[in-house]
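# Prediction below, plus the sequence it came from.
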Amino acid sequence: MKNKNLIQIKQFCIYHEIENTFITELHNYGLIHIIREENEDFLEPEQLPTVEKMIRMHYDLKINLEGIDAISNLLNKIETLQQNLNTVQNKLRLYEERETE
Amino acid sequence: MEYIDYYKVLDVTKSATEADIKKAYRKLARKYHPDLNPNDKEAEKKFKEINEANEVLSNPQNRKKYDKYGKDWQHADEFEKAGYDPNQQQSRQSSSQYSGGDFSGFGGDFSGGDFSDFFNSMYGGGRSRSQSKYRGQDFNAELELDLAEAYTTHKRNLSVNGKNIRITIPAGVENGQVIKIPNHGGPGVNGGPNGDLYITFIISNNSDFKREGNNLYAEAPIDLYTAILGGETHINTFDGKVKIKVPAETQPGTKVKLKGKGFPVYKKENQFGDLYITYTIKIPTKLSEKEKELFEELAKLRKS
């Protein structure tokens, strides 16, 4: 293994008690990126919170992959909107401060 | 301690079947699950409530006890004194109830400590859960800074859930910005990894500068004579005074941009926004007779 920090998918699946095919499917849907090295599949550690979130959606909430795909897009959109809202609120604060002076 | 109507929480009737309860729980869980409601404390609270309700109502023995003692839960203690062992009983029931992997529990983010006092008084403060390893709960915290503190990169000691951590706050952090401190959230369950700590910055501004992103805005008063005849003036920037030239016949409200004198750009060393100065003109007061005469002369010249 070239990069010691990569997470072996086989081990990850044993740890979470899920099937390897679920991770492969997430990859096939373009939701995560699997790294293949020396005939072994790996995940980058940065992806773990995202993958674990998708595991919870699928196994706990019974959401299928199409649903996870749609939800992921919407969550990304919410994050962008929240950032924009924050910027706008900060701008508004600026004008409100000007008005009260 | 408040009585909690778990049937109401799950929006089911008292005669609901196990299937009805499961269905109602799943529907509400999909609505309020924290993964689907990021940064929504209300949803998180609601999710904990429905989890607690489900924990009781989906377990036939717990439900029986709740139905019997629910409205008068104080009697539950007497019941336990008479030999009831909630932990033992619950563990056995849970393993049969949740067999077949149909329900793995929404562990992960939620520990027994999230359950209400009411639940703890009824069921001994514990609940069983799947033995799966879960990532610990993510913690959210707020940190207040003033604008001057946000201007420089500095280290800060924080106390999070009894643990002291030292974090570096990069210059240029925005009001409302959230930074993630990996691994400093709640401990993992059954050997799972720790959650993350999310810090939201609340930045107060008591300075004479207004901040918009990386740019700063301020007013600078100049005297009438400098405005008319031109000259130099000293401007306060966030990190000291600078001398700038004022052109003749400068009007009130004229804006000047001082490049690179704004706020530091977040995580970009030695990069700064701009400072926008708006001139105000100070009109002289308490004029002497001689000054009045001269102004009148000036006024006549302007009118003629």
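Okay, I see it. Residues are numbered from 1 along each chain as shown, chains lettered A, B, ... in the order given.
# ok, residue B:24 to residue A:18 distance?
Using C-beta to C-beta, to the nearest Å, residue B:24 is found at 26 Å from residue A:18. Yep, even glycine has a C-beta here, placed from its N, CA and C like the rest.
# Of the two, give the one with the bigger neighbour count.
Each of residue B:24 and residue A:18 has its neighbours counted (other C-beta atoms under 10 Å in any protein chain shown); residue B:24 has more, 20 against 17.
# Show me how far stretch B:224-241 is from its chain's centre.
Chain-centre distance of stretch B:224-241: 40 Å, with C-alpha atoms, centre = their mean, to the nearest Å.
# Export it to CSV, keeping only CA atoms.
Only the C-alpha atoms of stretch B:224-241 are listed here, as CSV (Å, rounded to 0.1, in the frame of the first residue of the first chain):
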residue,chain,number,x,y,z
LEU,B,224,-13.1,72.6,5.5
TYR,B,225,-9.8,74.2,4.4
THR,B,226,-8.1,70.9,3.5
ALA,B,227,-11.3,69.9,1.6
ILE,B,228,-11.3,73.2,-0.3
LEU,B,229,-7.6,73.8,-0.9
GLY,B,230,-6.3,70.2,-0.7
GLY,B,231,-3.6,68.9,1.6
GLU,B,232,-2.8,66.0,3.7
THR,B,233,-4.7,64.1,6.4
HIS,B,234,-4.0,61.3,8.8
ILE,B,235,-6.4,58.3,8.5
ASN,B,236,-6.9,55.6,11.1
THR,B,237,-6.6,52.2,9.6
PHE,B,238,-7.1,49.0,11.6
ASP,B,239,-3.4,48.7,12.4
GLY,B,240,-2.4,52.3,12.7
LYS,B,241,-2.4,55.7,11.1
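# what's the single longest helix in chain A?
Secondary structure of chain A read by DSSP state H shows that its longest helix is helix A:65-100.
# And that helix, what does it pack against?
Here helix A:65-100 touches helix A:20-28, strand B:210-212, going by 3 or more C-beta pairs under 8 Å, 6 or more residues apart in numbering or on different chains; DSSP states H and E.
# Mean neighbour count, these: which tops it?
Stretch with highest mean neighbour count among the helices and strands packed on helix A:65-100: strand B:210-212 (a mean of 20; mean count of other C-beta atoms under 10 Å in any protein chain shown).
# What's the first helix or strand after it?
Using DSSP states H and E, the helix or strand that follows strand B:210-212 towards the C-terminus is strand B:215-223.
# what pLDDT, on average, does that next one get?
Throughout strand B:215-223, pLDDT has a mean value of 95.
# Can you tell me the strand partners of that strand and which way each runs?
strand B:210-212 (antiparallel), strand B:275-282 (parallel) (DSSP bridges).
# CA atoms of it as CSV?
Taking Å, rounded to 0.1, in the frame of the first residue of the first chain, the C-alpha atoms of strand B:215-223 are listed here in CSV:
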residue,chain,number,x,y,z
ASN,B,215,-13.2,45.0,3.2
LEU,B,216,-13.5,47.7,5.9
TYR,B,217,-15.4,50.9,5.7
ALA,B,218,-14.9,54.0,7.8
GLU,B,219,-15.6,57.7,7.8
ALA,B,220,-12.8,60.2,8.1
PRO,B,221,-13.4,63.9,9.0
ILE,B,222,-11.3,66.5,7.2
ASP,B,223,-11.4,70.2,7.9
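# which other helices and strands contact the helix or strand just after it?
Next helix or strand after strand B:215-223 toward the C-terminus (DSSP H and E): helix B:224-229. Here helix B:224-229 touches strand B:231-237, strand B:275-282, going by 3+ C-beta pairs under 8 Å, 6+ apart.
# which residues does residue B:50 contact?
By C-beta atoms under 8 Å, 6 or more residues apart in numbering or on different chains, the contact set of residue B:50 is B:9, B:10, B:25, B:28, B:29, B:32.
# same thing but at 10 Å, please
Neighbour list for residue B:50: B:6, B:9-11, B:24-29, B:31-33, B:106 [criterion: C-beta atoms under 10 Å, 6 or more residues apart in numbering or on different chains].
# next one: residue B:243
B:232, B:233, B:234, B:235.
# what's the answer for residue B:293, then?
Contacts for residue B:293 (C-beta under 10 Å, 6+ apart) come out as residue B:287.
# from the chain's centre, how far out does the helix or strand hosting it sit?
Per DSSP H and E: residue B:293 is located in helix B:289-303. Centroid separation between helix B:289-303 and its chain, computed with C-alpha atoms, centre = their mean, is 60 Å.
# Then stretch B:228-244?
39 Å.
# Can you give me the end-to-end span of that stretch?
End-to-end distance for stretch B:228-244, by C-alpha to C-alpha, to the nearest Å: 16 Å.
# Tell me, how many residues neighbour residue 16?
Defaulting to chain A. By other C-beta under 10 Å, the residues close to residue A:16 number 21.
# Not quite, go with chain B.
Neighbours of residue B:16 (other C-beta under 10 Å): 17.
# and it, what element?
Assessed by DSSP H and E, residue B:16 sits outside every helix and strand.
# those helices in chain B, which residues are they?
Using DSSP H, the helices of chain B run over B:6-10, B:18-32, B:41-57, B:60-69, B:75-81, B:86-97, B:117-123, B:147-151, B:224-229, B:289-303.
# Out of those helices, the one nearest residue A:11 is which?
Residue A:11 lies closest to helix B:86-97 among these, at 26.1 Å (C-beta to C-beta).
# Pick the one among the contacts of residue B:243 closest to chain A.
Distance to chain A across these (C-beta to the nearest C-beta) is lowest for residue B:235, with 19.1 Å.
# Pairing partners for that closest one in the sheet, please.
Legend: beta-bridge partners of residue B:235 under DSSP bridges are residue B:242.
# Just give me the neighbour total for it.
Neighbours of residue B:235 (other C-beta under 10 Å): 19.
# Just to check, it is in contact with residue B:208?
No: Residue B:235 lies out of contact with residue B:208 (C-beta atoms under 10 Å); the separation is 11.1 Å.
# which residues are common contacts for those two?
B:218, B:220.
# which stretches of the chain aren't confidently modelled?
Using chain A here. Counting by pLDDT under 70, the low-confidence segments of chain A come to A:1-4, A:98, A:100-101.
# Hmm, no, I was thinking of chain B.
Chain B contains residues with pLDDT under 70 at B:1, B:71-135, B:189-190.
# coming back round to it: which PyMOL command selects the buried ones in the contacts of residue B:243?
Remark: buried members of the contacts of residue B:243, expressed as a PyMOL selection using 16 or more other C-beta atoms under 10 Å in any protein chain shown:
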select buried, chain B and resi 233+235
